[in-house]
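**Q** attaching a predicted model along with its sequence, questions to come.
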Amino acid sequence: MKVCFTLCLSLCVYLREALAESDSNSILEDNDVLVLTEGNFERALKQHNQLLVHFYAPLSGQSLGSILEFREAAVALKEAKSDVRLGGVDVKKEKGLFASLNVTTIPSIRLYLSGDKNNPVYCPDLKNSASILTWLKRRKGPSAEIISNLTQLEKFIGEDWLVVLGLFKGLEEDIVKVFYETANDIADLPFGVTGHDEIFSKYEISGDTVLLIRRSKPDKQFEVGSSTLKKDLVHFIRLYEMELVTEYNGVTASKILNSVVLNHLLLFINKTEDGFEELYHAFETTAEKLRGKVMFVMIDVSEPRNGRIMEYFRVRSEEAPQVRMVNLSDNVQYQLPSDQFDAHTVLEFCLSYLGGKAKPKLQSEPIPENWDTQPVKELVGMNFEKVAFNHNRNVIVLFYAHWSSESRALFPLWEELAEHFSEHEDIVVAKIDVTSNDVNLHLGEKYPSIKLFPAVYVERVVPYSGKRKLKPIVTFMKKEIEKAKKEKAKEEEQRKTYLDNQKAAVKEEL
Ligand SMILES: *[C@@H]1O[C@H](CO)[C@@H](O)[C@H](O)[C@H]1NC(C)=O
Ligand SMILES: *[C@@H]1O[C@H](CO)[C@@H](O)[C@H](O)[C@H]1NC(C)=O
Ligand SMILES: *[C@@H]1O[C@H](CO)[C@@H](O)[C@H](O)[C@H]1NC(C)=O
Ligand SMILES: *[C@@H]1O[C@H](CO)[C@@H](O)[C@H](O)[C@H]1NC(C)=O
């Protein structure tokens, strides 16, 4: 379909080009878009004071979409009798022109003004005809639309999910200039300006105010005065443009990373799981109270495209829901010390963090003194591998979270287990707080969890999922240790036979 369309398009262009040769001064058009070539580019620049040029590669899917949008914009501009002319350069055909204009991105759009070939205005990535038109409009006229009545207001506030409206008693005030400059800097949101009394009354506003209107409803307002600076307005808009809780995705990612707020609370959650709504609501409630101090971000663990960010934070989907605070200034992370996610717990955690009292999540805690003289060995990130993956020891490890009461309830059992095996040199009973220590192991389930690392085999891990009682654990360990021993013996036997065979073969050859 796409290919067919493109072929028709090129055929059309080809025919028209042939016809146009007779008239050397007119430039061929294709659906109101000038067909620009190395031969006519300079002429087009002379003829059109404002020439918006689209550089595209006809056979790429990405370009095809933008060709259609560009044509739509050309038609709209022609209808509006705009001074701006649109032209296209097929970079596959016009290699020389493409190179001499130093174009680096395909597709891309540039605006050439007053016939100047060397200093075009580089357009942002304009995805559709509407944004091409908006961009051109803002460049030329005032950066904010003047709203003079309620009908126009209704239309304006419906333009986008978030619009910025400046209400000023007199449109000649200096602050209005500041507002326009702000609009120039924030080209991704629609700006409107009004001095109309009816609009002041509608929003119950009396003084000069900048109002954010979200989904057609007034959301946040900022009373401005003669001392208000552009940076104050930019800060206000950038701060409140985000939702209370922003879902992380391809569209929001850059806004999140460029946010003016540097403390981010991340909620890793499975959106399709029961209980999602409740957690989300708690999160939102807390977000409201901490706006401007902490930015709340939700990451859906059931979304495959979030794999990279989860890997970065070393969060596995089985561990959701999980809450992490990140300080973007120094990239230190803090883990919510609870498995409760109600509004109160989340708020307490944020406040303790803001007050400098939260405990950072570390790769490893320092190795505790006398860690191996107690019956139950206390492991940390730094000594975990050395102890657990040991040829000569069978190691049973309790992975726990220090804040979880379910975890702590198992400590007495662990003491009992250590006591039970106190005469066995080759058995180690250990535990590790996995919320303060990273272990390079797929735990695959929530804490507390129990795993056996049998001797003999490095890297073998056997999870235990039976009753959390002494007898069944002891039985499980004995069985697994025996099994590992037998398998090892069998392997030894095979190796011996193999070696014997090799020796025999060598002898025969001699
Ligand atoms: C392209 O780049 C070269 C080298 O930087 C420069 O000399 C030339 O003027 C540029 N051409 C245009 C049209 O910008
Ligand atoms: C509202 O203002 C717009 C723009 O100035 C104008 O075109 C329109 O006719 C006005 N509508 C009413 C109802 O006054
Ligand atoms: C999310 O929850 C749904 C429903 O419980 C489940 O089917 C799915 O496997 C979960 N996804 C992940 C990545 O855990
Ligand atoms: C975040 O990190 C910066 C830089 O280390 C530090 O100055 C600031 O206090 C930290 N914020 C909090 C709330 O801990």
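**A** Alright, I've got the coordinates. Note that the structure is a prediction, hence the values are computed from the model and not measured. Residues are numbered from 1 along each chain as shown. Ligands and ions are numbered 1, 2, ... in the order given.
**Q** got the residues of this protein near ligand 4?
**A** Taking C-beta under 6 Å from any ligand atom as the criterion, the neighbours of ligand 4 within the chain are 263, 327, 329-330, 353-354, 356. (Glycine included, C-beta is placed from N, CA and C.)
**Q** least confident of those residues?
**A** Within these, pLDDT reaches its minimum at D330, with 80.
**Q** wait, a helix at that one?
**A** No. Applying DSSP: H, G, I helix; E, B strand; the rest coil, one finds D330 to be coil, outside a helix.
**Q** thinking again about what came up before, tell me which two of the residues of the chain next to ligand 4 sit farthest apart.
**A** Between any two of these, the greatest separation by C-beta to C-beta is 14.7 Å, found for D330 and L354.
**Q** tell me the one of the residues of the chain next to ligand 4 nearest F341?
**A** The closest of the residues of the chain next to ligand 4, once distances to F341 are taken by C-beta to C-beta, is Y353, at 15.5 Å.
**Q** which SS state does the closest one fall under?
**A** Under three-state DSSP, Y353 comes out as helix.
**Q** what is the neighbour count of it?
**A** Look at Y353: counted by other C-beta atoms under 10 Å, it has 20 neighbours.
**Q** same check, this time on the one 3 residues further on
**A** Other residues within reach of G356, judged by other C-beta under 10 Å, total 6.
**Q** alongside ligand 2, which residues does the stretch 151-300 of the chain contribute?
**A** Close to ligand 2, as judged by C-beta under 6 Å from any ligand atom, the stretch 151-300 of the chain has residues 151-152.
**Q** which residues does the residue of the stretch 151-300 of the chain found nearest ligand 3 contact?
**A** Relative to ligand 3, the nearest point of the stretch 151-300 of the chain is N270 (3.7 Å; C-beta to the nearest ligand atom). Counting by C-beta atoms under 8 Å, 6 or more residues apart in numbering, N270 touches 276, 300-302, 317, 320-321.
**Q** now do the phi/psi pair for it.
**A** The phi/psi pair for N270 (degrees, to the nearest 10) reads phi -90, psi 110.
**Q** distance check, the closest residue to I427 other than its chain neighbours against ligand 4.
**A** Leaving aside its sequence neighbours, I427 sits nearest to F421 (C-beta to C-beta, 6 or more residues apart in numbering; 4.3 Å). Shown here: F421 relative to ligand 4, a distance of 44 Å by C-beta to the nearest ligand atom, to the nearest Å.
**Q** can you get me a residue count around F421?
**A** 17.
**Q** for it, give its distance to F411.
**A** With distances taken as C-beta to C-beta, to the nearest Å, F421 is found 16 Å from F411.
**Q** go on, D219?
**A** For D219, the distance to F411 equals 50 Å [C-beta to C-beta].
**Q** any idea how far I481 is from T475?
**A** Separation of I481 from T475 (C-beta to C-beta): 11 Å.
**Q** could you check which residue of this structure lies nearest ligand 2?
**A** N149 (3.7 Å).
**Q** could you report the pLDDT at that residue?
**A** 94.
**Q** right, and it touches G195 too?
**A** No. N149 is not in contact with G195 according to C-beta atoms under 8 Å; the separation is 11.8 Å.
**Q** so between those two, which is more surrounded?
**A** G195 (19 against 11).
**Q** if we ignore the residues flanking it in sequence, what's nearest S302?
**A** In space, S302 is closest to N270, 4.8 Å off (C-beta to C-beta, 6+ apart).
**Q** and that neighbour, how close does it get to L77?
**A** 47 Å.
**Q** what is the neighbour count of D208?
**A** Counted with other C-beta under 10 Å, D208 comes out at 22.
**Q** what does the one 3 residues further on give?
**A** Neighbourhood size, L211 [other C-beta under 10 Å]: 20.
**Q** quick one: residues contacting it.
**A** With C-beta under 8 Å, 6+ apart, L211 has these contacts: 164-167, 203, 205, 218-222.
**Q** assumed it was part of a strand.
**A** Yes. Counting by three-state DSSP, L211 is part of a strand.
**Q** name whatever forms a beta bridge with it.
**A** On the basis of DSSP bridges, L211 takes part in beta bridges with L165, Q221.
**Q** and the pLDDT for it?
**A** At L211, pLDDT is 97.
**Q** check S100 too.
**A** Per the predicted model, pLDDT is 91 at S100.
**Q** now do it against V91, distance only.
**A** Relative to V91, S100 is positioned 12 Å away (C-beta to C-beta).
**Q** who has more neighbours, these two?
**A** V91 (21 against 12).
**Q** contact partners for the nearest residue to S449 once chain neighbours are set aside?
**A** Excluding the flanking residues, the one nearest S449 by C-beta to C-beta, 6+ apart is F399, at 4.8 Å. Residues near F399 by C-beta under 8 Å, 6+ apart: 431-432, 434, 439, 443, 447-451.
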